[in-house]
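A.B. asks: give me a model of this one.
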Amino acid sequence: MRVRINKKIGVALTLGLAASASFANLVKVAQTTAAPGACGDWSGYRAFVERFVQADGRVIDYSTPTQQTTSEGQSYALFFALVANDRATFDRLLGWTRTNLAGNQFDAQNMRLPSWQWGRKADGSYGVLDPNSASDSDLWIAYDLLQAGRLWHETGYTQLGEALATQIARQEMTTLPGVGPMLLPGPQGFKTGGVTRLNPSYLPLPVLRSLAHEMPNGPWGKLADSAYKLIKTTAPQGFAPDWAAWQNGQFVVDPKNGDTGSYDAIRVYLWAGLASPADPLAKPWLAALGGMRARVAQTGFPPEKVSSTTGTASGEGPLSYWGALAPYFKALGDERGLGLARTHLAALDTSVPGREPVYYDRVLGLFGTGFIDGRYRFDEAGRLVPSWRNACD
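C.D. replies: Numbers count the residues shown, from 1 in each chain. Here you go, the predicted model:
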């Protein structure tokens with residue numbers, strides 16, 4: 001991990017970056033002004049970095065044949081590094097993302113949306129597998145950069161975050177008549193034949209609030225209101241679908257994936273649970289998702305798949321679901337549900353011979369346990385409030 005730079009060096013660093021906002025300078029200067037130190041007590045985070053993050057900053061999902069890296073994985077790891085006050089890892093993650101997903105076009109004056117998927121190609125070489133970007137990951141990376149700039153007092157990060165958010169608004173947004181601005185899942189392929197496909201799990205309320213706070217002239221505050229309308233309308237039984245669509249002036253069932261809520265949708269409950277109770281949308285947002293709480297109370301476990309229109313459920317959700325639901329139960333004051341989540345999540349710290357850690361279990365587990373254990377929270381403006389219990393000094 002990295003020690004915090006002292007005030008004198010921090011001022012010099014800020015002044016030096018204000019003119020160029022060069023990513024390369026940002027990382028280079030940061031690396032020369034901070035030394036590694038043993039700080040923090042987040043064993044789950046350390047285990048995640050050791051297993052899934054290469055020395056060069058690449059997050060690998062080993063469960064996939066292509067040994068893929070996604071912009072999602074990079075964005076989540078950046079967030080965890082910030083919560084852990086681990087600037088060295090943050091910079092490595094950012095550097096790999098810039099070089100490999102953004103083609104070295106990741107500067108304040110030259111910002112390209114990162115490709116969402118990178119990995120092993122059919123010929124055995126490694127590189128971009130799909131150049132389209134994923135807007136949820138882009139949002140998280142922009143958020144991570146803006147919060148890193150604020151918490152580490154580094155304007156270079158802030159400028160990168162603002163530039164990325166500007167490109168998101170420019171390339172990954174649309175307007176739904178009667179609703180307002182809406183986030184497209186990516187710039188290409190989601191508006192065809194009068195149908196606009198949407199992903200409810202791409203819209204974390206705290207992230208939208210933060211962008212609205214940092215960039216008040218952007219679409220972010222209105223997007224939060226639009227996102228709530230999407231969540232409420234597409235979850236008539238209190239269950240979020242993985243995908244939804246907009247057609248003929250209304251939200252409809254997604255024509256491609258139907259009304260199933262499963263591995264994508266589980267994050268909708270997570271983001272709702274993470275929102276500050278002081279946010280005016282927090283309580284109604286949670287109320288719109290009450291079906292999951294009722295189902296777990298009835299069966300003792302979250303369903304792996306559920307119909308958002310009928311409430312018909314099947315299967316038992318994996319460990320990742322409990323990671324996502326822990327903050328949801330905490331926000332609802334559901335002690336039984338939270339207790340069940342804690343019991344299941346204890347398995348994350350238990351090594352079982354022959355059983356490899358699963359990427360999605362680990363990332364949602366870190367979101368969930370980090371929050372319920374008080375390692376971080378979001379304030380009403382969406383700003384990250386980390387505990388930094390044993391922060392490097």
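A.B. asks: burial of Glu335, as a residue count?
C.D. replies: Per other Cβ atoms under 10 Å, the neighbour tally for Glu335 reads 10. Any C-beta I mention is one placed from the backbone N, CA and C, and that applies to glycine too.
A.B. asks: and the pLDDT for it?
C.D. replies: At Glu335, the predicted lDDT confidence score is 98.
A.B. asks: same question for Thr310.
C.D. replies: Looking at Thr310, its pLDDT is 98.
A.B. asks: which residues sit in contact with the residue lying closest to it once chain neighbours are set aside?
C.D. replies: Nearest in space to Thr310, with sequence neighbours left out and distances taken as Cβ to Cβ, 6 or more residues apart in numbering, is Gln237 at 6.7 Å. Shown in contact with Gln237 (Cβ atoms under 8 Å, 6 or more residues apart in numbering): 291, 307-311.
A.B. asks: ok, and the most crowded of those?
C.D. replies: Ser308 (26 neighbours).
A.B. asks: that residue contacts Gly258, correct?
C.D. replies: No: with contact defined as Cβ atoms under 8 Å, Ser308 does not count as touching Gly258 (9.1 Å).
A.B. asks: who touches both of these two?
C.D. replies: With Cβ under 8 Å, 6+ apart as the test, Ser308 and Gly258 both reach Pro241.
A.B. asks: before we move on, the earlier item: now the residue nearest to Thr310, what's its secondary structure?
C.D. replies: coil (DSSP: H, G, I helix; E, B strand; the rest coil).
A.B. asks: from memory Leu286 sits against Leu274, does it?
C.D. replies: No: the pair Leu286 / Leu274 is not scored as a contact, 10.8 Å apart, by Cβ under 8 Å.
A.B. asks: higher neighbour count, the two?
C.D. replies: Leu274 (25 against 18).
A.B. asks: give the contact list for the more buried one.
C.D. replies: Counted by Cβ under 8 Å, 6+ apart, Leu274 has contacts 204-206, 327, 331, 367, 371, 377-378.
A.B. asks: ok, the residues you listed vs Ala347, which is closest?
C.D. replies: Of all the contacts of Leu274, Phe367 has the smallest distance to Ala347: 16.1 Å, by Cβ to Cβ.
A.B. asks: now for the helix or strand encompassing that closest one, which elements pack on it?
C.D. replies: Using DSSP states H and E, Phe367 sits in helix 359-372. If you count contacts as 3 or more Cβ pairs under 8 Å, 6 or more residues apart in numbering; DSSP states H and E, helix 359-372 packs onto helix 43-52, helix 71-83, helix 266-274, helix 319-332, helix 335-345.
A.B. asks: give me the sheet partners of the helix or strand following it and which way each runs.
C.D. replies: Following helix 359-372 in sequence order, the next helix or strand is strand 376-378 (DSSP H and E). Each strand paired with strand 376-378, and its direction, by DSSP bridges: strand 384-386 (antiparallel).
A.B. asks: what's in contact with the partner strand?
C.D. replies: In contact with strand 384-386 (Cβ under 8 Å, 6+ apart) are residues 82-83, 85, 147, 151, 210, 375-379.
A.B. asks: ChimeraX command to pick out the buried ones of those residues?
C.D. replies: Those of these that count as buried under 16 or more other Cβ atoms under 10 Å are selected in ChimeraX with:
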select :82,83,85,147,151,210,375,376,377,378
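A.B. asks: nearest to Asn132, of the contacts of strand 384-386?
C.D. replies: Ser210 (24.8 Å).
A.B. asks: before we move on, which element is the closest one in?
C.D. replies: helix 205-214.
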